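[1] heads up, no residue letters with this:
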């Protein structure tokens, strides 16, 4: 059965307005695979570089789990918290401080926050990755961040699908 | 003899504030080659993606030669006019219209204006290039635009050098 999503659902998957609008137009999707394939096309081929920056800015900084800012998605903020649960449970006060310091340096160099698909990754792993990626050229790092964003989109589309399927099956009883 | 440039000179070469600031710090330059090599390093390794967008927005649209907007560089506006002289002398009314229409479409897709080192290129050549590049993915096109911007920087640094050398030799008499 095809599942339909609105722009608000899709904006929670990826905070680019163009992404949400194009994906809502392509909805409903016959399967998760079809949604992921459409998302890949929209994210890499249709969202422009400003849209990438817009989507990056919708994330909290790694190591932080603030509530959503005004105009940002509540669902996205909750998902970020879940995606960072391994990182947060493996972090100590001093490692969170080091992560925060490196985040500041990273943002100074690249102009956007460090984007990583944090799901299942420990705090030391994330810090090591940040330090490694810090030496990249801005354009290389921009593309790596976009690839990580795509991994986050895939995870979140899967969450959307299972939530909708659950709602539908509950409604059928 | 080493030639020194200030931020205003360098901002006319490339409308990214970080580019102008970093190059001014690296000035004076013992030769044009040294300046181009420093510019290459600053443009590709230190200016972030927002700085690339900032620099692109400092150019007039190809086929247009408006005076500089407030806060933009007068020198840059004059140089643009010179760089587009071949294009303008080979353009007819209808080809300028077609170029203008394609520019609109291009900006809609990519979010920034079409950047090309126009020097010595005719209007039909530029239009053909625009049409060809239009099919690229946003990230590919972003990198091509940055390469074209680097060619423009090289040409403009050469102009700065010859203007300063002329001033210096005149001052010596």
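    Nice, thanks for sending it over. Remember, it's a predicted structure, so these values are computed and weren't measured experimentally. Residues are numbered from 1 along each chain as shown, chains lettered A, B, ... in the order given.

[2] Return the set of buried residues in the lowest-mean-pLDDT helix or strand in chain A.
    Lowest mean confidence among the helices and strands of chain A (mean pLDDT, DSSP states H and E): helix A:85-89, at a mean of 81. Within helix A:85-89, the residues that count as buried by 16 or more other Cβ atoms under 10 Å in any protein chain shown are A:86-88. All C-beta atoms are positioned from the backbone trio N, CA, C, and that covers glycine.

[3] who's in contact with the residue nearest the centre of chain A?
    Here the mean C-alpha position of chain A is nearest to the C-alpha of residue A:152 (Cα atoms, centre = their mean), at a distance of 4.1 Å. Contact partners of residue A:152, counting by Cβ atoms under 8 Å, 6 or more residues apart in numbering or on different chains, are A:13-14, A:83, A:115, A:117.

[4] Help me confirm that residue A:95 is found in a helix?
    Yes - per DSSP: H, G, I helix; E, B strand; the rest coil, residue A:95 lies within a helix segment.

[5] Next, count neighbours for it.
    17 (other Cβ atoms under 10 Å in any protein chain shown).

[6] same check, this time on the one 10 residues further on
    The burial metric for residue A:105, expressed as a neighbour count using other Cβ under 10 Å, is 13.

[7] Could you find the closest non-adjacent residue to it?
    Of all residues beyond its chain neighbours, the one nearest residue A:105 is residue A:134 (6.9 Å), with distances taken as Cβ to Cβ, 6 or more residues apart in numbering or on different chains.

[8] Can you pull the residues of chain A lying near chain B?
    A:44-51, A:53, A:109-112, A:137-139, A:142-143, A:146 (Cβ under 8 Å from any Cβ of the partner chain).

[9] repeat that for 6 Å
    Residues of chain A lying close to chain B by Cβ under 6 Å from any Cβ of the partner chain are A:45, A:48-50, A:110-111, A:137-138, A:142.

[10] tilt between the top helix by length along chain A and helix B:138-172?
    Scanning chain A for the longest helix, with DSSP state H as the assignment, gives helix A:138-172. Counting by axes from the mean of the first three to the mean of the last three Cα atoms, to 10 degrees, helix A:138-172 points 150 degrees away from the direction of helix B:138-172.

[11] Could you list the buried residues of helix A:138-172?
    Neighbour-count burial for helix A:138-172 [16+ other Cβ under 10 Å]: A:138-139, A:141-143, A:145-146, A:148-150, A:152-154, A:156-157, A:159-161, A:164.

[12] Check stretch A:51-62 too.
    For stretch A:51-62, using 16+ other Cβ under 10 Å, the buried residues are A:51-56, A:58-62.

[13] Show the end-to-end separation of it, please.
    By Cα to Cα, to the nearest Å, the extent of stretch A:51-62 from end to end equals 20 Å.

[14] Run the chain-centre distance for it.
    Counting by Cα atoms, centre = their mean, to the nearest Å, stretch A:51-62 is centred 8 Å from the centre of its parent chain.

[15] show me where chain A has helices.
    Counting by DSSP H, chain A has helices at residues A:7-13, A:17-26, A:32-41, A:49-57, A:74-83, A:85-89, A:93-110, A:123-134, A:138-172.

[16] gap between the first one and the chain center?
    Spelled out, it's helix A:7-13. 11 Å.

[17] which other helices and strands contact it?
    helix A:17-26, helix A:138-172 (3 or more Cβ pairs under 6 Å, 6 or more residues apart in numbering or on different chains; DSSP states H and E).

[18] Can you lay out those helices as CSV showing distance to residue A:34?
    Formatted as CSV, these follow (distance: least, Cβ to Cβ, whole Å):
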stretch, distance to residue A:34
helix A:17-26, 9
helix A:138-172, 10
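
[19] I'd like to know which of those is closest to residue B:39.
    helix A:138-172 (15.4 Å; Cβ to Cβ).
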